[in-house]
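Q: Make a model of this:
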Amino acid sequence: MVIPVSAIVLTRNEEEMLPGCLESLAWADEILVVDSFSTDRTVEIARRAGARVVQHPFANFAAQRNYAQTQARYDWVLFIDADERVSEELRDEICYLAATDRLSEFNAYHIQRVHLFSGRWIPDPTRRRVTPRLRAWIRRTEVPRLFDRRLAIWERPLHEVVRVPEPHGVLDGVIYHYAMTNLSLTCGSFNFYTDLEAAYLHRSRNQASLMEAIARGIRCFLYHYFFAGLWRYGEQGLLLAIILGYTKFMNYAKLSERIRIQSGCGIWTERDRQLLDRFRVEDQIPSL
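A: Numbering: from 1, shown residues only. Here you go, the predicted model:
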C-alpha cells in the first residue's frame, strides 16, 4: 500500500525563498504551508503553486510545528523550511519507501542538511560518502524531519527538537539549506534568535554571568571548529565557527542581562524592562 506524505512548510514573509522550496516538494501528496500572517506575496505564491495554506499566529517554533502537523491531511509528514530544498536523491528515496510500503519500518527519519555559507557548501555534498560513521553522526546532530505525526511532539521554542519513539532511521539524501549564503543574511536575524533563546533559558535560570557566557562561547567555537570538523573548510569553516561561538556567547550574555533587569540590578529604562515581556516564552507544548 502506498503511504501518502504531507510536506509542511512554515512561513513568514518568504516570497523570495518559497518558490524554490515548493518546486522541490512537487512530488509530495500534499504541500501544506502554515503561514504566520505574511505581509508580502508568500500566501499568493503558495496558493499558485498548488499548496494548501493555513494561517496561524506565531508563538514559538515548537508550538507552530505542533499546530502545523495537526493540520496535515496525512499521518506521515516531512518538515521543510522555506530556505531549504529537497535534493533529488532524497525525493527519490522517500518516494520509493512510500511506494513500497517500507516507510513505516521506522517511526522517524533523520536527514542531513548541507549549508551554503559564504560561497561554500558545508559539508560539501559532492564529496559526501554515506558511511556507518556518517549515519551515526546524522542521528546525533539532526532532528528527524520525516516521521509519523501521531507519535511526534515538538519541544523547545528555538532550536526545537521533536520527540518520536524509536526505531529511527537515517536517509541517504540531503536537504540543501540557503539561509546563510552571505554574512548579511547570517547576521540579519541574529537579535531575534538570541533574544528568543535567552528568554527560553531564563525560564529555568536565575543566575548567569558574563564569564559563563565567555566560557560557553569559547567552548562552542572549539567544538565546531575542531571536533565537528569545520577546520576542513578553510576560511569559511573558521568564520562559521566564530559566528556559532559568538551566538552562544550572546545567548548567555543576554540571559545575564535579563536576570539583572528582572532583579533591578542596575539602571534600566521602561523600554529595557519591556524586553522581559516581549520575549517571554510560555509553555505551549502539549503532551503525547
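Q: correct me, but Arg120 touches Tyr233?
A: Yes - Arg120 lies in contact with Tyr233 (CB atoms under 8 Å); the separation is 6.2 Å. (C-beta placed from N, C-alpha, C; glycine too.)
Q: Settle it for me: which of those two has more neighbours?
A: Using other CB atoms under 10 Å, the more surrounded residue of Arg120 and Tyr233 is Tyr233, with 20 against 16.
Q: which non-adjacent residue is nearest the more buried one?
A: Distances taken as CB to CB, 6 or more residues apart in numbering put Ile122 closest to Tyr233, at 5.2 Å, once the chain neighbours are dropped.
Q: burial count for that neighbour?
A: If you count neighbours by other CB under 10 Å, Ile122 ends up with 20.
Q: could you list every residue that touches Gly119?
A: The contact partners of Gly119, by CB atoms under 8 Å, 6 or more residues apart in numbering, come to Gln236.
Q: ok now the helix or strand where Ile261 lies, how far from the chain's centre?
A: Taking DSSP states H and E as the criterion, Ile261 maps to helix 234-263. The chain centroid and the centroid of helix 234-263 are separated by 18 Å under CA atoms, centre = their mean, to the nearest Å.
Q: Check stretch 57-77 too.
A: Offset of stretch 57-77 from its chain centre (CA atoms, centre = their mean): 13 Å.
Q: Restricting to C-alpha, output that stretch in PDB.
A: Provided in PDB are the C-alpha atoms of stretch 57-77 (Å, rounded to 0.1, in the frame of the first residue of the first chain):
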ATOM      1  CA  PRO A  57      -0.300  33.300  14.700                       C
ATOM      2  CA  PHE A  58       3.300  32.500  15.600                       C
ATOM      3  CA  ALA A  59       4.100  31.900  19.300                       C
ATOM      4  CA  ASN A  60       7.300  29.900  19.000                       C
ATOM      5  CA  PHE A  61       8.800  27.400  16.600                       C
ATOM      6  CA  ALA A  62       7.800  24.300  18.600                       C
ATOM      7  CA  ALA A  63       4.200  25.400  19.100                       C
ATOM      8  CA  GLN A  64       3.900  26.300  15.400                       C
ATOM      9  CA  ARG A  65       5.200  22.900  14.300                       C
ATOM     10  CA  ASN A  66       2.900  21.100  16.700                       C
ATOM     11  CA  TYR A  67       0.000  23.000  15.300                       C
ATOM     12  CA  ALA A  68       1.100  22.500  11.700                       C
ATOM     13  CA  GLN A  69       1.300  18.700  11.900                       C
ATOM     14  CA  THR A  70      -2.300  18.600  13.200                       C
ATOM     15  CA  GLN A  71      -3.400  20.300  10.000                       C
ATOM     16  CA  ALA A  72      -1.800  17.900   7.600                       C
ATOM     17  CA  ARG A  73      -4.100  15.500   5.700                       C
ATOM     18  CA  TYR A  74      -1.800  12.600   6.100                       C
ATOM     19  CA  ASP A  75      -0.100  11.000   9.000                       C
ATOM     20  CA  TRP A  76       3.400  10.900   7.500                       C
ATOM     21  CA  VAL A  77       4.800  14.400   7.400                       C
END
